[in-house]
Structure formats: structure tokens, C-alpha cells
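K.L.:
coordinates only, sequence not included:
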């Protein structure tokens, strides 16, 4: 049985457009902050995002997984 993440990994090539650009930019911002040792809650505060959103982006190994 495949997991939900495994199914999404087979979706296809990355999307293009404004939403894809925003997703990539947010993913990079969150991972840059995490790389500097900033916690999830502080990332959410600095980027004005919901904590659950930051957690979802932080769990993604690559922006394409979002």
C-alpha cells in the first residue's frame, strides 16, 4: 500500500505560474530560517504565516512535494 506522500510524488513535473513561484519562495524562506536555527513558531511570526503552514513547508524535502 502506498502512502499519501508517495502518491503525490508521482504527480508529474513541477507546476509553473504565480502560485508555484509563491510556493517556491515560501519554501526557500522557511528552510533558510530553519537552517539558521530559527524555530518554527518564530518562522511563522517573521513570515506572517500560520504555524501549521510553516510546519507543512518544513516537512517538505523539496518544494515540488507541496
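P.N.:
Thanks, I have the structure now. Since this is a predicted model, take the numbers as computed values, not measurements.
K.L.:
Any idea how far apart the tips of stretch 57-66 sit?
P.N.:
Taking CA to CA, to the nearest Å as the measure, stretch 57-66 stretches 7 Å from start to finish.
K.L.:
and it, what's its mean pLDDT?
P.N.:
Averaging pLDDT along stretch 57-66 gives 89.
K.L.:
show me where this structure has helices.
P.N.:
In the chain, the helices defined using DSSP state H lie at 4-9, 18-35, 40-47, 51-59.
K.L.:
contact partners of the longest one?
P.N.:
Contacts made with helix 18-35 from outside it, assessed by CB atoms under 8 Å, 6 or more residues apart in numbering, are listed as 14, 40, 42-43, 46-47, 49, 54, 57-58, 60, 62-63, 66. Backbone N, C-alpha and C define where each C-beta goes, glycine included.
K.L.:
what about residue 41, neighbour count?
P.N.:
11 (other CB atoms under 10 Å).
K.L.:
how close does it sit to residue 21?
P.N.:
Per CB to CB, to the nearest Å, residue 41 is found 26 Å from residue 21.
K.L.:
Return the helix or strand in the protein with minimum mean pLDDT.
P.N.:
Lowest by mean pLDDT, DSSP states H and E among the helices and strands of the chain is helix 4-9, with a mean of 57.
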